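S.K.: What shape does this take:
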Amino acid sequence: MTLGWSESVGNHFSAALPGQSDRFLMNRKWMHFGDVTADNLQLLDCRDAEALEKVDAPDATAWTIHSTLHRLVPHARVILHCHSPYATAIACLADPTIVPIDQNTARFYNKVAIDTGFGGMADEAAEGERLAHALGDKRIMMMGNHGVLVAAETLALAFEDLYYLERACQTLTLARSNNQALSILSHELAQKTAYFWSAYEGMAYFTIISAN
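M.R.: Residues are numbered from 1 along each chain as shown. Presented below is the predicted three-dimensional model:
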């Protein structure tokens, strides 16, 4: 299920193999999200200097982002990167901060890295290293003029973050479309709400997304 987050045959996700930090699985080059299965994922080694020279080479931008983050960011066991509509719209603002106006937006209060150094298509090693540095110890990064990236310890947590982030950006976008002042939560209340969400992380493992 793509949830409208796919962009033609672009965008990628990856997951490190259990107990390993160098080898990871990623969807293949130019394969639509809807066609990806466990059987056609590609096994890659982030230290393979010749990965892009092989016949079945991964997408260059996907390799730059995912291999570098798996190599340099310890908690990036699962990496989901996409250009989902609402998150990308927020990422294109001069200030892509997720302003806390409800419990979903407050979930991300002070928990999102913001990268405003977009330098074009991420197909060079230096760009991957810059993104890894920008993410730091955060699980979520708004990629200015680009999209969004989520890096977490498990697939369930990464997907849950991405799902709620898109919903939060949708709420924020719709609220702003009313051309009225936002009712922004106080620092104390936003912080309290963000902290409260930590008790619900287990919910990620029971989430079932269905569509009619």
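
S.K.: buried ones in the longest helix belonging to the chain?
M.R.: For the chain, the helix that runs over the most residues, judged by DSSP state H, is helix 155-176. Within helix 155-176, the residues that qualify as buried by neighbour count (16 or more other Cβ atoms under 10 Å) are 156-172, 175. Any C-beta I mention is one placed from the backbone N, CA and C, and that applies to glycine too.

S.K.: One more: stretch 104-123?
M.R.: Of the residues in stretch 104-123, those buried by neighbour count under the rule 16+ other Cβ under 10 Å are 104-109, 112-115, 118, 122.

S.K.: Next, give me the two most distant ones among the residues you listed.
M.R.: A106 and A122 (30.2 Å; Cβ to Cβ).

S.K.: what about the helix or strand harbouring A190, distance to the chain center?
M.R.: According to DSSP states H and E, A190 maps onto helix 187-197. Taking Cα atoms, centre = their mean, to the nearest Å, the mean C-alpha location of helix 187-197 is offset from the chain mean by 22 Å.

S.K.: looking at the chain, which helix or strand is least sure?
M.R.: Lowest mean confidence among the helices and strands of the chain (mean pLDDT, DSSP states H and E): helix 125-135, at a mean of 91.

S.K.: and that one, C-alpha only, in PDB?
M.R.: Only the C-alpha atoms of helix 125-135 are listed here, as PDB (Å, rounded to 0.1, in the frame of the first residue of the first chain):
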ATOM      1  CA  ALA A 125      29.300  11.200  -0.900                       C
ATOM      2  CA  ALA A 126      29.700  14.600   0.800                       C
ATOM      3  CA  GLU A 127      25.900  15.200   0.600                       C
ATOM      4  CA  GLY A 128      25.200  11.900   2.400                       C
ATOM      5  CA  GLU A 129      27.600  12.800   5.100                       C
ATOM      6  CA  ARG A 130      26.100  16.300   5.500                       C
ATOM      7  CA  LEU A 131      22.600  14.700   5.900                       C
ATOM      8  CA  ALA A 132      23.900  12.300   8.500                       C
ATOM      9  CA  HIS A 133      25.400  15.200  10.400                       C
ATOM     10  CA  ALA A 134      22.100  17.200  10.100                       C
ATOM     11  CA  LEU A 135      20.000  14.200  11.400                       C
END
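
S.K.: What pairs with the helix or strand just after that helix, parallel or antiparallel?
M.R.: Following helix 125-135 in sequence order, the next helix or strand is strand 140-143 (DSSP H and E). Using DSSP bridges, the strands paired with strand 140-143 are strand 112-115 (parallel), strand 147-152 (antiparallel).

S.K.: CSV please, covering those and showing distance to T68 and mean pLDDT.
M.R.: Putting those into CSV (distance: least, Cβ to Cβ, whole Å; pLDDT from 0 to 100) gives the following:
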stretch, distance to T68, mean pLDDT
strand 112-115, 14, 97
strand 147-152, 11, 96
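
S.K.: Test for you: state the pLDDT assigned to the residue in the chain sticking out farthest from the centre.
M.R.: Here the centre of the chain is the reference, and by Cα atoms, centre = their mean the most remote residue is Q180, at 29.7 Å. At Q180, the model reports a pLDDT of 96.

S.K.: Can you pull out the low-pLDDT segments for this structure?
M.R.: Within the chain, the stretches with pLDDT under 70 are 1-2, 6, 122-123, 207-212.

S.K.: quick revisit: looking at the buried residues of stretch 104-123, which one is closest to F33?
M.R.: Closest to F33 out of the buried residues of stretch 104-123 is A122 (19.0 Å), distances taken as Cβ to Cβ.
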